[in-house]
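Engineer: Here's my sequence, what's the structure:
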Amino acid sequence: MRNGQLKVWWKPQIPMRSFEVLVDNLKEAHLLINTLADYDLFQYETGVKPDYFNVGGLVMWDENLEPDDDGSQWTDWVDELSGDDFTEYTEKFFKAE
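Structural biologist: Residues are numbered from 1 along each chain as shown. So this is what the prediction gives:
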């Protein structure tokens with residue numbers, strides 16, 4: 001894993017393990033997260049799912065962290081300049097898209 005690598009994680013129903021996808025940039029992460037959310041809503045509205053409780057986000061690999069029990073060094077993505085989390089960041093910069 002390279003430092004700064006990005007990964008979207010998504011749980012379409014809680015509790016369950018995360019669906020995870022490596023992404024190349026923030027725009028790709030934003031598109032994927034919104035697509036997964038829209039797909040969950042579509043399934044709910046068309047009766048595929050009787051209900052849902054989803055959650056997701058963006059993490060990045062940080063070689064400066066101590067590895068967790070699984071050897072992972074993923075941490076929540078935060079904008080270094082503003083301190084915004086991914087949701088706050090996308091609301092500012094991807095609102096028009």
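Engineer: From the centroid of this structure, which residue is nearest?
Structural biologist: When the chain is reduced to its mean C-alpha position, the closest residue under C-alpha atoms, centre = their mean turns out to be G57, at 2.3 Å.
Engineer: Let me know whether that one touches D76 as I believe.
Structural biologist: Yes. Proximity of G57 to D76 meets the contact threshold set by C-beta atoms under 8 Å, at 6.5 Å. No exception for glycine: its C-beta is placed from N, CA and C like everyone else's.
Engineer: Now the common contact residues for those two.
Structural biologist: The contact sets of G57 and D76 overlap at F86 (C-beta atoms under 8 Å, 6 or more residues apart in numbering).
Engineer: following whichever helix in the chain runs longest, which helix or strand comes up?
Structural biologist: The longest helix of the chain (DSSP state H) is helix 26-45. On the C-terminal side of helix 26-45, the nearest following helix or strand under DSSP states H and E is strand 55-61.
Engineer: Pull out the buried positions in that next one.
Structural biologist: Buried residues in strand 55-61, counted by 16 or more other C-beta atoms under 10 Å: 56-61.
Engineer: Please apply the same query to stretch 33-48.
Structural biologist: Within stretch 33-48, the residues that count as buried by 16+ other C-beta under 10 Å are 33, 36, 40.
Engineer: and these as TSV, adding pLDDT?
Structural biologist: Output for those, formatted as TSV (pLDDT from 0 to 100):
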residue	pLDDT
I33	96
L36	96
D40	94
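Engineer: Closest to S82 out of these?
Structural biologist: Out of the buried residues of stretch 33-48, the one with the shortest distance to S82 is I33. That distance is 18.9 Å, counting by C-beta to C-beta.
Engineer: All good on my end, thank you.
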